[in-house]
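[1] Predicted coordinates and the sequence they were generated for:
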Amino acid sequence: MDLTAPAGQGIKRALVVDDERDLAAVVADYLRREGFATAIAYDGPQAVDEARRFDPSLVILDLGLPGLDGIEVCRAIRAFSDCYIIMLTARADEAGKLSGLALGADDYVTKPFSPRELVARVRVLQRRPRVLQTARAALTVGELRIDLAARAVELAGRPVELTRTEFDILALLAACPGMAVSRETILRSLWGGTEWVGGSHTADVHIANLRRKLGPAGRHHIRTVHGVGYRLGPVS
């Protein structure tokens, strides 16, 4: 852990998580100029420990980390903190972005990036009302409520028991209600890369299970976008 703070300024706390040490140092330096005390972590487990100890209001989080990847770190931090999270990744694919947003990340920047651009994103986040950030602990579409921290789902106040994979797919769709998400994006977000066992039909199987567990109105919750994939529509 590397902890630094600007002298003579009101202290805000930022945790920078990246295994590229030079990049982490540059990002931390820019944030110090913005009035943040900064801590640096270089792997996933250290990031979770530092987030608990340092209690940051902002986390800059790389997706490609050793130990635990950024998605798992984001999931862990969201269980105890409502801090702002900006994810960094060298992967520009839609799946990585949607996975992070589904778990409660606030923004997403693709490497390579300008530190000035990152600081501009931080300033925008800081202007958001904190109540909106707290609400990101849960996603709600109509009567469907998805508690990201507890990994629990309720429909009209009734608990819905889902497997880990089913929950992750539903959270992914709920992060962007009304937006079509391809089968390939769903699978990449769950297992990474471009190869998976069973082909894109695997996504259809999980969706069918989700619809069944959501009950008679399941097809109204998760709608098929022919030739593309699925979207989460309004509950009716």
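    Happy to help now that I have it.
[2] From here on, just use CA atoms for contacts and neighbour counts.
    Will do.
[3] quick one: the helices in the protein?
    Ranges of helices in the chain, per DSSP state H, are 21-33, 44-54, 70-78, 94-102, 115-126, 130-135, 164-174, 183-191, 201-214, 218-221.
[4] tell me which helix or strand of this protein sits lowest on mean pLDDT?
    helix 130-135 (a mean of 44; mean pLDDT, DSSP states H and E).
[5] Can you give the domain ranges for the protein?
    As assigned by automatic domain parsing, the chain contains the domains 2-133, 137-232.
[6] and these, which is most packed in?
    Of all these, domain 2-133 has the most neighbours on average by mean count of other Cα atoms under 10 Å, namely a mean of 19.
[7] The one residue sitting closest to the centre of the chain and residue 89: what is the separation?
    The residue lying closest to the centre of the chain (Cα atoms, centre = their mean) is residue 100, at 2.4 Å. Remark: distance between residue 100 and residue 89 (Cα to Cα, to the nearest Å) = 10 Å.
[8] Spit out the residues that contact the two alike.
    Common neighbours of residue 100 and residue 89, counting by Cα atoms under 8 Å, 6 or more residues apart in numbering, are residue 108.
[9] hang on, the earlier thing: tell me which residues touch the spatially closest residue to the residue nearest to the centre of the chain that is not a sequence neighbour, please.
    Closest residue to residue 100 apart from its sequence neighbours, by Cα to Cα, 6 or more residues apart in numbering: residue 71 at 6.1 Å. Counting by Cα under 8 Å, 6+ apart, residue 71 touches 63, 99, 100, 103.
[10] so residue 183 makes contact with residue 228?
    Yes - here residue 183 reaches residue 228: they are 7.0 Å apart, a contact under Cα atoms under 8 Å.
[11] so residue 58 bridges to which residues?
    Residue 58 has these beta-bridge partners by DSSP bridges: residue 14, residue 84.
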